[in-house]
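J.: What follows is a predicted protein model with its sequence.
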Amino acid sequence: MEETKAKKKRLLTLIFLIITLSVSIALLVFSGFKILKWHNDNKDILDLTQKIEEVAKIEEVKDNEGTEIIEQENISNVDPYWDYIKVPLINVDFDELKKINDTTVGWIQVKGTNINYPFVQANNNSFYLSHSFDKSRNAAGWVFLDYRNKLDKNNKNTILYAHGRLDTTMFGSLKNILTNGWLRNKDNYIVKLSTPYENTLWQVFSVYQIPTTSDYIRVEFNSDEEFLEFANMLKERSSFDFDTTVSAYDKILTLSTCFNSTDKVVLHAKLIKKETRNVDNSQ
């Protein structure tokens with residue numbers, strides 16, 4: 001009897017060990033597959049980025065008769081705005097980029113980060129979470145414009161998204177905006193965009209980390225008063241005081257990415273300079 005019990009115990013122990021070993025092997029294989037996939041996705045992004053750098057034609061442009069400075073209210077003489085409006089815009093030739101991806105709608109540069117990419121737009125906000133610039137499947141995704149935005153229209157809040165990659169590609173380096181190193185350098189407080197319609201310069205007025213919410217990605221407003229209330233909410237939410245005003249007549253640029261599995265990192269900037277492009281020559 002005792003011998004039978006001992007055999008059963010040894011059998012149960014053996015079964016437990018086999019199950020544990022099987023689960024461990026399965027997890028190891030799965031983890032290896034995920035690591036390999038992450039590595040391959042990163043390599044594909046690097047190769048594609050190098051290809052983009054080879055074909056992209058980006059130039060700085062000096063102010064001219066077509067440049068418009070967006071006048072601001074209650075700006076002090078020491079506000080860095082006066083220095084920012086002297087910063088040259090960028091002008092991008094989109095012809096070669098559109099040959100790679102016909103949904104290319106612009107280019108973005110963010111000072112003090114690695115963000116220097118063309119951005120795209122789909123008819124939803126999910127496609128480019130899992131597809132790269134050349135539309136191939138890639139977990140790294142790409143930088144994309146909110147599908148509700150229309151760059152040839154009067155957008156009050158233009159929104160760009162991308163994954164916050166650990167290797168700092170896409171919006172992975174946007175986390176820099178929360179660090180003292182980035183915040184101590186006032187030269188970082190500008191964002192440059194170029195689209196087939198216009199080249200623009202934006203002044204940062206709010207940065208923060210926040211549990212995932214959708215209240216900052218509105219694109220429709222019923223009145224100037226409603227928009228001003230929205231803009232002030234974004235300004236007051238900032239984790240750093242940029243000492244910058246916002247008005248009902250401003251246009252806002254919003255950049256959003258994941259900080260971790262529960263939080264977002266967000267940047268808001270207001271339009272301070274623009275240059276309308278000859279659309280016929282930029283398509």
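T.: Everything's here; your move.
J.: Would you state the strands of this structure in chain order?
T.: In the chain, the segments counted as strands under DSSP state E are 57-61, 67-69, 89-93, 104-110, 116-120, 144-145, 157-161, 190-194, 198-211, 252-258, 263-276.
J.: wait, which of the ones you listed is closest to Leu46?
T.: strand 116-120 (12.9 Å; Cβ to Cβ). Using the backbone N, CA and C atoms, a C-beta is placed for each residue, glycine as well.
J.: contacts for stretch 66-85?
T.: Around stretch 66-85, the neighbours that count as contacts under Cβ atoms under 8 Å, 6 or more residues apart in numbering are 89, 186, 189-190, 201, 203, 243-245, 247, 250, 271-276.
J.: Now a ChimeraX select for only the buried ones of the residues you listed.
T.: A single ChimeraX command selects the buried members of the contacts of stretch 66-85 (16 or more other Cβ atoms under 10 Å):
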select :89,189,190,201,203,244,245,250,271,272,273,274,275
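J.: what residues go with each domain of this structure?
T.: Domains of the chain are assigned by automatic domain parsing as 1-55, 60-281.
J.: which stretch in those domains is the model least sure about?
T.: Mean pLDDT is lowest for domain 1-55 among the domains of the chain, at a mean of 70.
J.: coming back round to it: so which of the domains of the chain is the most packed in?
T.: Mean neighbour count (mean count of other Cβ atoms under 10 Å) peaks for domain 60-281 among the domains of the chain, with a mean of 17.
J.: Now find how far off-centre it is within its chain.
T.: Its chain's C-alpha centre and that of domain 60-281 lie 8 Å apart, by Cα atoms, centre = their mean, to the nearest Å.
J.: can you map out the helices along the chain?
T.: With DSSP state H, the ranges of helices along the chain come out as 2-55, 81-84, 95-100, 180-183, 224-237.
J.: neighbouring contacts of the fourth one?
T.: The contact list for helix 180-183, computed with Cβ under 8 Å, 6+ apart, reads Gly112, Thr113, Asn176, Ile177, Asn188, Val207, Phe240.
J.: Ignoring the adjacent residues along the chain, who's closest to the fourth one?
T.: Pointing back at Ile177 there. Val207 (4.5 Å; Cβ to Cβ, 6 or more residues apart in numbering).
J.: The one you found and Thr213, how far apart?
T.: For Val207, the distance to Thr213 equals 16 Å [Cβ to Cβ, to the nearest Å].
J.: Then Ile52?
T.: The gap separating Ile52 from Thr213 is 32 Å, by Cβ to Cβ.
J.: Asp93 now?
T.: According to Cβ to Cβ, Asp93 and Thr213 sit 38 Å apart.
J.: hang on, Phe227 packs against Val219?
T.: No: with contact defined as Cβ atoms under 8 Å, Phe227 does not count as touching Val219 (10.7 Å).
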